[in-house]
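> no sequence for this one, just the structure:
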DNA sequence: CTGTTAGCGCGTTCAT
DNA sequence: ATGAACGCGCTAACAG
């Protein structure tokens, strides 16, 4: 009825004995420090493999009387989502101290690639085991990531990926799936057919483009009676989003709206003022004060959300794993898309 | 730009010094072992509070050269959900060994309260720090939980709560919210009005009753044009659920179906054979092989899911916290309700 | 009842 | 290039 027996884990002592060397030598090999002959190193590697040795991270941190240092580099309050992300980090940071985890956060000007690259270059191995960054694709940033990796600092990308670089891990949602889901819901919400208005931030942003593509694919395949109007591009700014939304709302035969970008405040304002709030089926992204209120009032039906807490948790778990096994690859983590109606607001 | 400074954490040495006693005495107080005078213990407690001391769990486990022992007591393959839960435990158990966490699992006959109580009574403090149990409400089980708690074993309830007992923590979804969400979606799916059929396992089960209540509340408040038929009770058995569903499907004017219990295989069979699959809007619970296929084929529109991995993760986190701070209360953890269409299947 | 001490698995001087 | 010895925060066996 119970699980099987398990043998105790191998320790550095076991490895040292098996390789016929001292503990210090094993430690040097383990941490890639110099001062060990090629042949000796190989004996140790062999012993490690043979015994399936895995270092005990906790004991390691204890011995160094040092915490695991993780550094977040994220855009400053560019929008409510980033603010929520920051809040999630602070929440986690408090309980993290108990687990010998120390998280530092640097807020950077949004979209300042050069500044971000400089910050990454400034990271030192002695005060930072792993950096978790939110970055737009950029050549300078990729180079900084590569350099940091060579210095032994693990890099994890969050929310938006940096495919070309040597980042060790990505944490974020599947944006094409988010777009598909929005279409699946709106299609079922509007069985009578009609027009659906699309509001984006910028199609130059990878995540926005992915959402549009997913949305289009499902609409075309499953809901031929619905016609897509747009997308318009509000550049994630409230005022621009508001006026564009206002124009969309004037479209005759409009039955639904999908805002896949930020700028929700402007979006909701236009919706309320049109007098059509509640009569149209509406989907937006990210749970924030604005969207929560709109859910409660019925102006928005569904919010798709990338749960900041889940993303932070996944990123920190990845950080731990990477620091513990600097060699092995940790597979990317797609965070589940949160779907919220007023009925399941957390 | 960075976070504030933080002072190093207090250690047992600090506490011993502040209370003017030895380490051993501090340790005795910390672990509630006998052999300490009342007055001495109070001095130590005071010092602990004053220094905001928190024991280092890893160091503690290291010193005892012992893992954190967590014991799962769950129903055997009563249904696909429980199987998924078991699979999630096994998945987690593998990576857990690295973190000095040892998980043991006992599978029990479903709904055998006496058997469960006996298993709990058999738990020994020396081989089990925390038990995580899935239990229906029962007096004997509650008593066993209380006894175990007195023996120093932390008890966490999973999926279904045991409100009367001294269980230290509950992990599960908000079932009323799940019911509300189903209503919110079906209501929007069927703007033309009509009848919605309700299929339950048993209204004697707390979670099922909660779902029905939530569903009813939202339907009454927001969708007066929809009429509820049922609930019928299929007792989570496939054959019974199938015949009851078949009867519901004969109802004239039916536009939607909500199966809030198990027995999905029977439910889907009835649906397919009626020839109405795809024409009705349908919501069910728990992602399983059956429901995944039904989502893909279009027989089911939405599946509400309590993510087993998330529940296991939350339960283990609670176990850790409880063992680390046996005194303090850890607030219950409501797992988010997963909402899946064919478009965001993971 | 209370204190002393060795040691858990690992990292780190400091010798050799 | 390699090893011995001590300490990290905590527990436990043994003295007193």
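Thanks, I have it. As the structure is a computational prediction, the values presented were derived from the model and not from experiment. Numbers count the residues shown, from 1 in each chain, chains lettered A, B, ... in the order given.
> and the residue of the stretch 151-300 of chain A at minimum distance from DNA strand C, what pLDDT?
Using CB to the nearest atom of the strand, the single residue of the stretch 151-300 of chain A nearest to DNA strand C is residue A:152, 12.4 Å away. Placement of C-beta: from N, CA and C, glycine included. The model reports residue A:152 with a pLDDT of 87.
> I'd assumed residue A:126 was in contact with it.
No: between residue A:152 and residue A:126 there is no contact under CB atoms under 8 Å: 10.1 Å.
> Compare the two (neighbour count), which wins?
Applying other CB atoms under 10 Å in any protein chain shown to residue A:152 and residue A:126 shows that residue A:152 carries more neighbours, namely 13 against 8.
> how close does the residue lying closest to that one once chain neighbours are set aside sit to DNA strand D?
Using CB to CB, 6 or more residues apart in numbering or on different chains and skipping the chain neighbours, the partner closest in space to residue A:152 is residue A:125 (5.1 Å). Distance of residue A:125 to DNA strand D, computed by CB to the nearest atom of the strand, to the nearest Å: 20 Å.
> For the closest residue to DNA strand D within the stretch 151-300 of chain A, grab phi and psi.
Here the stretch 151-300 of chain A gets closest to DNA strand D at one residue, residue A:152, 19.2 Å apart by CB to the nearest atom of the strand. Dihedral pair for residue A:152: phi 100, psi 10, per degrees, to the nearest 10.
> Run through the helices of chain A in chain order.
Assignment of helices within chain A using DSSP state H yields the ranges A:12-19, A:23-30, A:38-51, A:57-63, A:80-96, A:113-122, A:139-150, A:175-189, A:206-222, A:238-249, A:264-274, A:289-297, A:308-324.
> and the shortest one, is it in reach of chain B?
What it means is helix A:57-63. Yes: using CB under 8 Å from any CB of the partner chain, helix A:57-63 reaches chain B at A:57-59, A:61-62.
> what about the residue lying closest to residue A:269 once chain neighbours are set aside, how many neighbours?
Spatial nearest neighbour of residue A:269, chain neighbours left out: residue A:242 (5.4 Å); criterion: CB to CB, 6+ apart. Using other CB under 10 Å, residue A:242 has 20 neighbouring residues.
> since we're on the closest residue to DNA strand C within the stretch 51-200 of chain A, how many residues are nearby?
Using CB to the nearest atom of the strand, residue A:63 is the residue of the stretch 51-200 of chain A that sits closest to DNA strand C, at 3.0 Å. Neighbour count for residue A:63, taken as other CB under 10 Å: 10.
> Flag every residue of chain A that's near DNA strand D.
A:20-25, A:28, A:34-37, A:40, A:59, A:62-63, A:65 (CB under 7 Å from any atom of the strand).
> Just the buried residues out of these, in ChimeraX syntax.
Only the buried entries of these go into this ChimeraX selection, using 16 or more other CB atoms under 10 Å in any protein chain shown:
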select /A:21,25,28,36,59
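> if we can go back for a sec, could you export the residues of helix A:57-63 next to chain B as JSON lines, including pLDDT?
Formatted as JSON lines, these follow (pLDDT from 0 to 100):
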{"residue": "A:57", "pLDDT": "89"}
{"residue": "A:58", "pLDDT": "90"}
{"residue": "A:59", "pLDDT": "92"}
{"residue": "A:61", "pLDDT": "90"}
{"residue": "A:62", "pLDDT": "89"}
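> and which of those residues is nearest chain B?
For those, the minimum distance to chain B (CB to the nearest CB) is 3.5 Å, reached by residue A:58.
> Could you pull up the contacting residues of the closest residue to that closest one other than its chain neighbours?
Of all residues not flanking residue A:58 in the chain, residue B:58 sits nearest, at 3.5 Å (CB to CB, 6+ apart). Listed by CB atoms under 8 Å, 6 or more residues apart in numbering or on different chains, the contact set of residue B:58 reads A:58-59, A:61-62, A:100, B:100.
> Swap in 10 Å and give it another go.
Contacts for residue B:58 were tallied using CB atoms under 10 Å, 6 or more residues apart in numbering or on different chains; they are A:56-59, A:61-62, A:99-100, B:68, B:99-100, B:324.
> possible to save those residues as a markdown table with distance to residue B:15?
Shown next, in a markdown table, are the contacts of residue B:58 (distance: CB to CB, whole Å):
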| residue | distance to residue B:15 |
| --- | --- |
| A:56 | 25 |
| A:57 | 26 |
| A:58 | 21 |
| A:59 | 22 |
| A:61 | 21 |
| A:62 | 18 |
| A:99 | 20 |
| A:100 | 18 |
| B:68 | 23 |
| B:99 | 26 |
| B:100 | 24 |
| B:324 | 16 |
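> Going through the residues you listed, which ones are buried?
Buried among those by 16+ other CB under 10 Å: A:56-59, A:61, A:99-100, B:68, B:99-100, B:324.
> Report the contact partners of the closest residue to residue A:92 other than its chain neighbours.
Distances taken as CB to CB, 6+ apart place residue A:312 nearest to residue A:92, at 5.2 Å, with adjacent residues excluded. Counting by CB under 10 Å, 6+ apart, residue A:312 makes contact with A:72, A:85-93, A:96, A:103, A:132, A:158, A:171, A:335.
> Sort those by pLDDT and name the bottom one.
Comparing the contacts of residue A:312 by pLDDT, residue A:96 comes last, at 85.
> quick one: low-confidence parts of chain A?
A:1-7, A:327-328 (pLDDT under 70).
> So which bits of the stretch 151-300 of chain A are right by chain B?
For the stretch 151-300 of chain A, the residues in contact with chain B (CB under 10 Å from any CB of the partner chain) are A:173-174, A:176-192, A:214-215, A:217-218, A:222, A:255, A:281, A:298.
> Now do the residue in the stretch 151-300 of chain A that chain B sits nearest to: how many residues are near it, please.
Residue of the stretch 151-300 of chain A nearest chain B, by CB to the nearest CB: residue A:180 (3.6 Å). Residue A:180 is flanked by 27 other residues according to other CB under 10 Å.
> ok, now residue A:17?
14.
> pretty sure it is touching residue A:47, no?
Yes: between residue A:17 and residue A:47 there is a contact at 8.4 Å, judged by CB atoms under 10 Å.
> how close does residue A:149 sit to residue B:240?
Per CB to CB, to the nearest Å, residue A:149 is found 59 Å from residue B:240.
> so what's residue A:129 up against?
Residue A:129 neighbours (CB under 10 Å, 6+ apart): A:61, A:66-71, A:101-102, A:123, A:152-154, A:319-320, A:322-323, A:326.
> make it 7 Å
A:68-70, A:154, A:323 (CB atoms under 7 Å, 6 or more residues apart in numbering or on different chains).
> Also residue A:286?
Contacts of residue A:286 by CB under 7 Å, 6+ apart are A:80-81, A:303, A:305.
> I'm done for today, thanks for sticking with me.
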